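# sequence and predicted structure below; questions after.
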Amino acid sequence: MKKINLSYIGIIGLILLASFSRIIPHISNFTPIGAIALFGGAYFKNKIHSFIIPILSLWISDLLINNYILSNYEQFTWFYPGFLWQYSSFCIIIFIGNFALKKPSIDKIFLSSISSSLLFFIITNFGVWISGSLYPLNIKGLITCYILAIPFFKGTLLSFLLYSSLLFGVFEIFKSTQVLNNIKNLLKI
């Protein structure tokens, strides 16, 4: 009989729980996805899973939000305009989790959260500008795009910091307490 890896199940469970928190009313750009990317990158030993699970949780929650909760589209949509910029920024953030958080600590998580939120801000707003739908495609348009996006950065930064603290904190507490041993004994693993 193959042993169940409770740490692995705990990581996936926290990611899914955080993903579904996206449907709770919140300030603009206050979502757990950036922290999920860092967390998945840090804890999944299988690097393919470190990408697939966070990105899949983002995509599934996007499907629910865009097609059922917000219903912004007349027909079912698999992807929204600009998704490529957001998803690629999360892939880079997963790399940050893979390399900067091999041994997570409070200071590393804090610095990774801040740098990742800045990276997300830079990449996604560049995507808004390059689409050409809101700003002229010149340096003035690019600067205007970034300046007008600053108020949204508050939610991004706060969510990276809060959700990273929660995900990493809860998982470390889970690992370091008797909870894991009690579950193993209960399941006789």
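Received it, and whenever you're ready, just let me know what you need. All values derive from a computational prediction rather than experimental measurement.
# only C-alpha atoms from now on, for both contacts and neighbour counts.
OK.
# which residues touch the residue minimising distance to the centre of the chain?
Closest residue to the average C-alpha location of the chain: Ile33 at 2.1 Å, with C-alpha atoms, centre = their mean. Contact analysis of Ile33 by C-alpha atoms under 8 Å, 6 or more residues apart in numbering lists 18-19, 54, 58, 90.
# point out where the protein drops to low pLDDT.
The model of the chain has pLDDT under 70 over residues 1-6, 8, 17, 19, 22, 25-26, 67-81, 177-189.
# which helix in it runs the most residues?
Ranked by residue count and defined by DSSP state H, the top helix of the chain is helix 139-176.
# now that helix, how far from the centre of its chain.
Distance of helix 139-176 from the chain centroid (C-alpha atoms, centre = their mean, to the nearest Å) equals 9 Å.
# tell me which other helices or strands that helix touches.
Judged by 3 or more C-alpha pairs under 8 Å, 6 or more residues apart in numbering; DSSP states H and E, helix 139-176 is in contact with helix 6-20, helix 33-43, helix 106-130.
# and if we set it to 7 Å?
With contacts defined as 3 or more C-alpha pairs under 7 Å, 6 or more residues apart in numbering; DSSP states H and E, the packing partners of helix 139-176 are helix 33-43, helix 106-130.
# between those, which one is closest to Ile139.
helix 106-130 (9.9 Å; C-alpha to C-alpha).
# quick one: contacts of that closest one?
Contacts with helix 106-130, where a contact means C-alpha atoms under 7 Å, 6 or more residues apart in numbering, come from 82, 85-86, 89, 93, 101, 135, 137, 142, 145-146, 153, 156-157, 160-161.
# returning to that earlier point: which among the contacts of Ile33 count as buried?
If you count burial by 16 or more other C-alpha atoms under 10 Å, the buried members of the contacts of Ile33 come out as 18-19, 54, 58, 90.
# what's the closest of those to Ser165?
Lowest distance from Ser165 to the buried ones among the contacts of Ile33 (C-alpha to C-alpha) belongs to Ala18, with 12.1 Å.
# sorry, back to before: JSON lines for the buried ones among the contacts of Ile33, including distance to Gly40?
Below are these laid out as JSON lines (distance: C-alpha to C-alpha, whole Å):
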{"residue": "Ala18", "distance to Gly40": "12"}
{"residue": "Ser19", "distance to Gly40": "12"}
{"residue": "Pro54", "distance to Gly40": "6"}
{"residue": "Leu58", "distance to Gly40": "12"}
{"residue": "Phe90", "distance to Gly40": "11"}
